[in-house]
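**Q** structure of the sequence below:
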Amino acid sequence: MRIRADEIPESGRFLHFHWDEGQLGRFVVPEDPFKPKLVRPVNVDLEINKRTDHIRVEGSIEGIVQVTCHRCLKDVNWLMNEPIDVFLVTEERVPDEDETELGPEDLDYEFFDGEVIEIDQLVAEQIFLSLPLKVLCSEACRGICPGCGVNLNDGPCRCEKRTSESPFSKLEAIKTRLPGSN
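**A** You can find the predicted model right below:
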């Protein structure tokens with residue numbers, strides 16, 4: 001969905017729509033092993049107001065996103081209720097310096113061409129930014145056994161239990177052969 005900046009009335013523009021799996025899929029990298037999925041379409045409510053030097057987009061995104069636990073690879077439903085408050089500014093207002101340090105307040109600003117607002121891109125960015133960095137099905141998740149691949153939350157490991165020697169057992173054997181070690 002695209003909205004032309006010059007078509008936003010003085011009173012602002014209100015949008016209410018549902019965003020489904022197909023729309024999110026356009027923004028997900030196909031090779032992503034932790035690809036998020038929408039359990040059902042998310043509700044998007046936006047209020048777009050035009051000011052003299054920026055456009056402000058406020059609202060919320062609500063829904064359920066299916067993500068993968070990073071330890072056991074089990075699918076987990078994550079409830080998303082994300083507020084949106086973004087200021088869109090034209091790239092003309094970007095500082096001329098080569099490097100600029102961003103502060104926390106600068107993360108609320110996004111750049112656009114001054115003519116068209118890409119609503120779908122804005123919604124996708126907000127969904128991805130709302131996802132946790134590390135997804136866990138529970139704090140006590142035990143993960144997957146690196147030997148046999150069993151989910152340790154579902155049952156015990158099936159690896160053969162070997163009586164493992166100490167990593168220092170070889171050194172102990174050499175020590176006993178040295179002269180003067182009794």
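
**Q** what is the lengthiest helix in the chain packed up against?
**A** The single longest helix within the chain, with elements called by DSSP state H, is helix 119-130. On a contact count with 3 or more C-beta pairs under 8 Å, 6 or more residues apart in numbering; DSSP states H and E, helix 119-130 meets strand 13-19, helix 21-25, strand 42-50, strand 55-68, strand 75-90. (Glycine included, C-beta is placed from N, CA and C.)

**Q** and of these, who's closest to Ser166?
**A** Checking those against Ser166 by C-beta to C-beta gives strand 55-68 as the closest, at 37.3 Å.

**Q** what's the following helix or strand after the longest helix of the chain?
**A** helix 169-177 (DSSP states H and E).

**Q** hmm, back to that, got the angle for the longest helix of the chain vs strand 55-68?
**A** 60 degrees (axes from the mean of the first three to the mean of the last three C-alpha atoms, to 10 degrees).

**Q** and helix 119-130, how far out from the chain's middle?
**A** 10 Å (C-alpha atoms, centre = their mean, to the nearest Å).

**Q** can you read off the pLDDT for the closest residue to Arg2 other than its chain neighbours?
**A** Distance criterion C-beta to C-beta, 6 or more residues apart in numbering; nearest residue to Arg2, sequence neighbours excluded, is Val116 at 5.2 Å. What the model reports as pLDDT for Val116 is 86.

**Q** and Lys134, which of the helices and strands packed on helix 119-130 is closest to it?
**A** strand 55-68 (10.4 Å).

**Q** Throw the helices and strands packed on helix 119-130 into JSON lines and include mean pLDDT, thanks.
**A** Converted to JSON lines, these look like this (pLDDT from 0 to 100):
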{"stretch": "strand 13-19", "mean pLDDT": "91"}
{"stretch": "helix 21-25", "mean pLDDT": "85"}
{"stretch": "strand 42-50", "mean pLDDT": "92"}
{"stretch": "strand 55-68", "mean pLDDT": "91"}
{"stretch": "strand 75-90", "mean pLDDT": "89"}
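
**Q** as TSV, the ones you listed with distance to Asp154 and mean neighbour count would be great.
**A** Converted to TSV, the helices and strands packed on helix 119-130 look like this (distance: least, C-beta to C-beta, whole Å; neighbours: other C-beta atoms under 10 Å):
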stretch	distance to Asp154	mean neighbour count
strand 13-19	34	14
helix 21-25	28	15
strand 42-50	30	18
strand 55-68	16	18
strand 75-90	14	15
